[in-house]
Every structure is written in structure tokens, then in C-alpha cells.
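Asker: Sharing a model prediction with you, sequence too.
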Amino acid sequence: MEKTIRIKSSSSDEIYSVVFKIENNSISINCNCQAGIMKTLCKHRLCLIESNYEDVLDKDEAILLYDTIVKNNKSEIIESVNEVNRIEKELKKLNALKSKIKKDIGYKLSNGF
């Protein structure tokens, strides 16, 4: 089975093709955007895995893709994406804390400590 899902770019008028393929109980999802071509996680494939269909041109196709992933016991990819999102939130908090501490150190160095 092979399906192509078209997704609007969030930053331009471009439309990307995300190809969803099932072969021998293996699921692949590829995108023709620059990140997808480089085989890194792109936001177009990510939106499908996260059930975020805002920029998807055919939402029914995207829902079918998500259901197929879950029905084929491939939910570990969804769990992995959720783990990445959790880590990114933690990193954001840590980076904010790092910036605050650096600012405090800079202030103390400039004004005496």
C-alpha cells in the first residue's frame, strides 16, 4: 500500500508530498522537503505522527495514516516522538534557566560580587 499526503508549508506557498508506504509489515513515511530528503525528522512527517492536521490538504487521508500506524502496532514511533517532545520542553526550561544564571553572573561581575 502506498499513499501520498500533501501538506502545506507553514512558511511559504509550497506544498510537500509525504509518501506513506506499507511493505512486508514495515511502514515508511518520506517527505520531499529538504529535511525529509536529508532523512531527518521534518515537521511535515511529524504533524502526521502527532495527529496535527492543520496544514494537511486531505485530513481524511492523514487520519487513515495515523490509524494504520496504531493498528499495525507501530505506536513505538508515536511514543518516541512524544519522548522527543518531552525532552525538548525540558531543554527549553534548562536553556531559560541557563540564560538567567548567565545574566545574573554578568550582572555580578559588572557590579561586584
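Answerer: Sure, I can see it. Residues are numbered from 1 along each chain as shown.
Asker: how about the longest strand seen in the chain as CSV, C-alpha atoms only?
Answerer: Criterion DSSP state E: the longest strand present in the chain is strand 15-23. The C-alpha atoms that make up strand 15-23 are tabulated as CSV, following Å, rounded to 0.1, in the frame of the first residue of the first chain:
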residue,chain,number,x,y,z
ILE,A,15,3.1,22.0,-0.9
TYR,A,16,5.1,19.0,0.2
SER,A,17,4.3,15.4,-0.6
VAL,A,18,4.6,12.9,2.2
VAL,A,19,4.6,9.3,0.9
PHE,A,20,3.3,6.7,3.3
LYS,A,21,4.1,3.1,2.4
ILE,A,22,3.5,-0.3,3.9
GLU,A,23,5.5,-3.2,2.7
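Asker: I'd like the next helix or strand past it.
Answerer: Later in the chain than strand 15-23, the nearest helix or strand by DSSP states H and E is strand 26-31.
Asker: Need the contact partners of that following strand.
Answerer: 7, 16-21, 36-37, 42, 44-45, 48-49, 65, 68-69, 72, 74 (CB atoms under 8 Å, 6 or more residues apart in numbering). Placement of C-beta: from N, CA and C, glycine included.
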